[in-house]
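> Next input, structure requested:
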Amino acid sequence: MNQTLRIDQRWFWAGSGLLLLLLLFSLVGEVNLSLFRAGNSLSLYTGEWIWSNITLFGDTLLVFVLLLPFIGRRPEVIWIVFLNAVVVTLLVNTGKEFIISPRPPGLLSHDGLQLIGFVATTSSFPSGHTAAAFALAATLVLLPWPMHWKVVAVIAASLVGLSRVVVGIHWPMDVFAGALTGWLGAATGCWLAQRLGFGLTLLAQRIQAILLLLCVVVTVVFHDGGYPQGRWLLMVLPLLLLALSLPQIGRLFFSQNRTGNE
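Next comes the predicted model:
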C-alpha cells in the first residue's frame, strides 16, 4: 500500500481535540446563541451573494466534483474521500435522526433572522455541509501535503461552516459537530484505505472517474443546491474542472501503458 496513506498523527489529534473543545464550548446555550447572532448578521455587511456561493462548497455533489483534478494524479485522495462519504453520511444521518434539534428558523423570530436560500426548521444537528467540507479538507491535512495547501483547505472548510450560520440554517454547535464528524470521517477513510487497496486498482479508478463525471452532469444540468444565487457556480466550476481534467481522464481510460495499481 502506498505510504502516502499514512495518517499524520499530530494533525489528527490536534484537529480532533480543538474541534471537540469548540463543540463543548458551543453547547453552552448562551454561547451558542451569541455566536449565532454574531455570525448570522454578517450578510448585512457583505451581501448575500458571497455566502450563497461559499455554502455550496459543502454540497455533497460539488465536493465530489472538486475531486476531478485528482483523477490520474492522486487516486488515493479520491478513494479516501469515497470511503469518507460512507462514514460521514452514516454519522450525519444518525445524528439528525436521533438528536432532536430544531434549526434557528424553527426557534427564532424571523424578524431578527437573516435567512438566505432554502429554509428548514428541523434536523439541525450536525451540519451536513460542514461535515462534507471538512471530510475533504481533513483528507488533505492528514496526508503528506505541502503546508500551504493544508492551510487553504482548513480555511475553506471553516468558511463553509461559517456560511451555515450566516445563511441562518444552522447553530454554531451544529457546525462544530459537523466539522468534527468530517475530521473523524477522513481519518477513518485513511484507515480503511490502508486496508482496502482495491480502490487504487485501474478498474476502481475508472469506476470512480465515471461516478465523478456523472456528478458533473447532475450538478450542471439538474442541481441548484437550494441557493439560486449560486447557480452559476454550479454550472461553471464543474465544467472548468472537467476541462482541466480531460487529459488525465483520457490517459486513465486510453493509455496502453497503464499498470493495474497507482
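
> Going by C-alpha atoms from here, please, whenever you check contacts or count neighbours.
OK.

> Could you check how far residue 99 is from residue 113?
Distance from residue 99 to residue 113, counting by C-alpha to C-alpha, to the nearest Å: 23 Å.

> Below-threshold pLDDT in the protein: ranges please.
For the chain, the stretches with pLDDT under 70 are 1-5, 256-262.

> what residue is smack in the middle of it?
residue 133 (1.9 Å; C-alpha atoms, centre = their mean).

> What are the neighbouring residues in contact with it?
With C-alpha atoms under 8 Å, 6 or more residues apart in numbering as the criterion, the residues that contact residue 133 are 57-59, 63, 157, 160, 179, 182.

> same thing but at 6 Å, please
58, 157 (C-alpha atoms under 6 Å, 6 or more residues apart in numbering).

> Quick check: it is in a helix.
Yes. Residue 133: assigned to a helix according to DSSP: H, G, I helix; E, B strand; the rest coil.

> could you check the distance from the closest residue to residue 248 other than its chain neighbours over to residue 138?
Excluding the flanking residues, the one nearest residue 248 by C-alpha to C-alpha, 6 or more residues apart in numbering is residue 72, at 5.5 Å. Computed with C-alpha to C-alpha, the distance linking residue 72 and residue 138 is 21 Å.

> Who has more neighbours out of the two?
Using other C-alpha atoms under 10 Å, the more surrounded residue of residue 72 and residue 138 is residue 138, with 27 against 22.

> my guess is the more buried one contacts residue 184, does it?
No. Taking contacts as C-alpha atoms under 6 Å, residue 138 lies outside contact range of residue 184: 8.5 Å.

> Contact partners for residue 114?
Taking C-alpha under 6 Å, 6+ apart as the test, what residue 114 contacts is residue 168.

> helix/strand/coil for it?
coil.

> Give me the phi and psi for it.
In terms of degrees, to the nearest 10, the main-chain angles of residue 114 are phi -90, psi 110.

> From residue 177, how far off is it?
Residue 114 sits at a distance of 22 Å from residue 177 (criterion: C-alpha to C-alpha).

> quick one on the thing from earlier: sec struct for the residue nearest to residue 248, please.
Under three-state DSSP, residue 72 falls in the coil class.

> That one and residue 201: what is the separation?
11 Å.

> swap in residue 175?
Per C-alpha to C-alpha, residue 175 is found 35 Å from residue 201.

> More neighbours: which of those two?
Per other C-alpha under 10 Å, whichever of residue 175 and residue 201 has more neighbours is residue 175, with 30 against 14.

> Assign residue 124 to helix, strand or coil.
coil.

> What segments of the chain are helices?
For the chain, the helices defined by DSSP state H cover 9-26, 29-40, 43-46, 49-54, 60-65, 75-98, 104-107, 128-142, 147-166, 172-195, 202-221, 231-254.

> what's the most buried one of those?
Most buried of the helices of the chain by mean neighbour count (mean count of other C-alpha atoms under 10 Å) is helix 128-142; its value is a mean of 29.
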